[in-house]
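> got a sequence here, can you model it:
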Amino acid sequence: SEFIDTVDLKTIEYADIKSLIAAHNTIDVIFEKCSALRNLRTKAFTTGVLTNEERLNLAYILINASSEYDTQDGEKYLLNSILPKLGNYKKETSEKNIQRMKDAVGGAGYKPITCAKLQETGMCPGPCAEIGTKRSPIYFYKKALGFSEGALLNVEDPFDNLIRRGNSYYEQNLGEDGAAPTLERLCNYIVDLQERVVVDDGTGDEYTYLKGIIKTDADGVAAAEFKMPPSDFHDNNAFKSHITDKLGIDGIFTKINAEPKIRQCIAKYSNTVDKRVVLQMGYRKDEEEDRYHDKYISPSVIIDKTGIHENTSIEFDLEDADVAKYLNIIEVTNEEFNEAKQGLNNLLSLSDWNYTHSALAHTMLPIIAPFLSGEDTKFTYFVRGNSGDGKSYIMKFFQNFYGNFTNLASWTSTFAALSRIGHLFKDALYVIDDFKRRNLGRAYDQALTLMQTYADNTSRSRARPDMAMQKTFTIKGWLACTGEDTPDGEASTLARSIQVNCLPGKKDRDLGRKVESVSHLFSGITGRYIHHVLKTNPLLFDRAFQSYETLFYEEVKGLPNDTRITRNISLLMTSYKFISEFFWSKKVSAENQEKFKEYLLSKIKEQAVESAEEMSSEKFIEQLSLLIGTESVILLDDTTVPVSLTQYEKGRIIGWNDLNNSEHTYIIGSRAYA
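The predicted structure is shown next:
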């Protein structure tokens, strides 16, 4: 056979067996395969609470999940990844208790809990088809390492006869009666499993993927990078699908049913390292019980009270995160900071004063909002204007205060995608461009729902085909939208937004180019502002906010949604107060604050009145629908009055539908009023 070769000791590569199991971390398999333990882990991550019995069950499984080559494998995972999520976690106490349990495992012969016991205690809904009630979830760990059922972990190593030569894996078959051993090729590719990445996506849960490179001896086939979840790596069909997806099928050889041994080869020759990454930028607390945030993290820097520091400790993975991949805060020199300041002053002069200064206030609101009291609600900052007026052009510059963006999120994306992207903009501005009702069509109501769930900080859960709940993502950034149209139809929608106009005017292209030339430095301003905020007594922010609430509420007291509208306007004013005091001189800041306050006083009255009128319209539509449904009044299909109608019935006609536009209905004013 062309796949049987004589052993050539000069070309064989050998690995240090004691590094094998550590290189191929199989702890994930237990949680991938056992839903009971996966649910316990999820409960720990999301609620921070496990009962004593639940902790013991997890601990005895993980302490037993080790081999002679890595006796700390399961213990490390328990100590580093699960127990710290619990609310009453204490490192020293946990280590002491685990040592006592290890002594029990080694001395008294404590075994990992069985599936039958998990089912008896109600932790497992089983039995599952793969295990039934006869084994423990530890079986998955042993099986992933290549051991047969019931085998001990300290038997002869199963990797001894597995060899890599070139870009192929082989199994060594020992010859009989002194015959030379031979190599049987398992596949003509190798997989260098470089990283096992644990991802914190900000939902309270974590997921894992494996990352590496696939190389082959096949002619004309290039090496390829790959990512795959551990469950796919340990599933034969899914594993083969990843190989063919990356390398194709031409010239690629895999021995039938050789996938388990190929995985053992990968474990043997890979030097896999564990890595932990985060997806969300924004504020963090040193201790969960702390009242206020202590630092702000970004891919490039970590900011705290002491200054802006290079980020050398927290790794981000935003490569596949759409426009969120541009998120970042940078540190700038004094010279660059002055250039960025001049650029911001130029930006504020690119359009109407009310628009650009309110946009600045909303842009910097994410920096102080976490320090303000009251309800955990937000609002959408909505910029409306005609095509070509510069609304998107200007908002892209403001988006650059949180990174270096080449484009903005768009309403042409799916709403699930917009929610998932917005989830990553924690404590940052999140701009979605080009809201057009005619483009949304039937999806218009979904767009309103997206803005409503964002503003109320809620989410809509959906079930998968297996009836498990899909993970839901809420927008964590502060939303700003641009569009020729604005959301309408409900008073509550208006109360969840602040709408401003981008007025047409003469475009200053030279000034715009100056802004563009320094816009990559804008996040440096944000970095220094965050540092300034973290050094400031948080009570000052809240006192200012409460004083503005008192001021603005008097203007709209008693009108529909008065409390919500007041909060939104007060948030914007508070943000403007502190960014203006940071950015301008005391004199200029005071003048600008007064001008902005007068603008918002007129704005809040306008919005409250509009919301009240919209509520009246809603009541009218509701009553009209009821009358039509009970046939108390008649709405014609078109302008033609059926001859069959009596004189009395003709007197109940209130209007007609527009045949050319299904969204238009005409009402006879005098009868509608009556």
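
> where in the stretch 101-250 of the chain is pLDDT low?
Applying pLDDT under 70 to the stretch 101-250 of the chain picks out residues 104-111, 125-127, 129-134, 144-159, 175-179.

> would you map the helices across it?
For the stretch 101-250 of the chain, the helices defined by DSSP state H, counting those that start in this stretch occupy 115-120, 138-144, 230-233, 236-247.

> pick the most deeply packed of those.
helix 138-144 (a mean of 23; mean count of other CB atoms under 10 Å). Glycine gets a C-beta too; all of them are placed from N, C-alpha and C.

> the strands in the stretch 351-500 of the chain, which residues?
Using DSSP state E, counting those that start in this stretch, the strands of the stretch 351-500 of the chain run over residues 380-384, 409-410, 429-435, 478-483, 497-501.

> out of these, nearest to residue 568?
strand 497-501 (5.7 Å; CB to CB).

> what's the following helix or strand past the closest one in contact with?
Going down the chain from strand 497-501, the next helix or strand is helix 509-518, by DSSP states H and E. Outside helix 509-518, the residues within contact range by CB atoms under 8 Å, 6 or more residues apart in numbering are 339, 340, 342, 343, 346, 347, 349, 350, 393, 397.

> picking up where we left off before, tell me which of the helices of the stretch 101-250 of the chain lies nearest to residue 53.
Among those, the nearest to residue 53 by CB to CB is helix 115-120 (10.2 Å).

> so what are the domain limits for this structure?
Taking automatic domain parsing as the reference, the chain has its domains at 4-13+164-278, 27-144, 296-460+471-611, 633-673.

> turn these into TSV, including distance to residue 287.
What follows is the domains of the chain, written out as TSV (distance: least, CB to CB, whole Å):
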stretch	distance to residue 287
domain 4-13+164-278	17
domain 27-144	11
domain 296-460+471-611	14
domain 633-673	55
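
> and residue 289, which of these is closest to it?
The closest of the domains of the chain to residue 289 is domain 27-144. By CB to CB, the value is 9.2 Å.

> picking that back up, go through the contacts of helix 509-518 and give me the one with the most neighbours.
Most neighbours among the contacts of helix 509-518, by other CB atoms under 10 Å: residue 347, with 25 neighbours.

> below-threshold pLDDT in the stretch 501-650 of the chain: ranges please.
Within the stretch 501-650 of the chain, the ranges that satisfy pLDDT under 70 run 611-627, 629-630.

> spit out the contact partners of residue 322.
Applying CB under 8 Å, 6+ apart to residue 322 gives the contacts 409, 413, 417, 421.

> apply 10 Å and report the result again.
The contact partners of residue 322, by CB atoms under 10 Å, 6 or more residues apart in numbering, come to 407, 409, 413, 417, 418, 420, 421, 424.

> same question for residue 458.
Shown in contact with residue 458 (CB under 10 Å, 6+ apart): 377, 452, 472, 474.

> please apply the same query to residue 59.
Residues in contact with residue 59 (CB under 10 Å, 6+ apart) are 74-75, 78-79, 82-83, 94, 97-98, 101-102, 105, 112-113.

> of those residues, buried ones?
For the contacts of residue 59, a neighbour count by 16 or more other CB atoms under 10 Å gives the buried set as 74-75, 78-79, 82-83, 94, 98, 101-102, 105, 112-113.

> can you put the residues you listed in TSV and add distance to residue 168?
Formatted as TSV, these follow (distance: CB to CB, whole Å):
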residue	distance to residue 168
74	33
75	36
78	38
79	39
82	39
83	42
94	45
98	42
101	43
102	41
105	40
112	37
113	41
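
> tell me which of the contacts of helix 509-518 fall in helices.
The members of these that map onto helices under DSSP state H are 339, 340, 342, 343, 346, 347, 393, 397.

> looking at the contacts of residue 322, which one is closest to residue 311?
Ranked by distance to residue 311 (CB to CB), the contacts of residue 322 are led by residue 424 at 16.4 Å.

> and the closest residue to that closest one other than its chain neighbours, how many neighbours?
Leaving out its chain neighbours, the residue that sits closest to residue 424 by CB to CB, 6 or more residues apart in numbering is residue 324, at 4.0 Å. Residues near residue 324, counting by other CB under 10 Å, number 25.

> and residue 324, its phi and psi?
Note on residue 324: backbone dihedrals following degrees, to the nearest 10 are phi -70, psi -20.

> could you do residue 272 as well?
phi -80, psi 130.

> what separation is there between residue 592 and residue 346?
Here residue 592 is placed at a distance of 16 Å from residue 346 (CB to CB, to the nearest Å).
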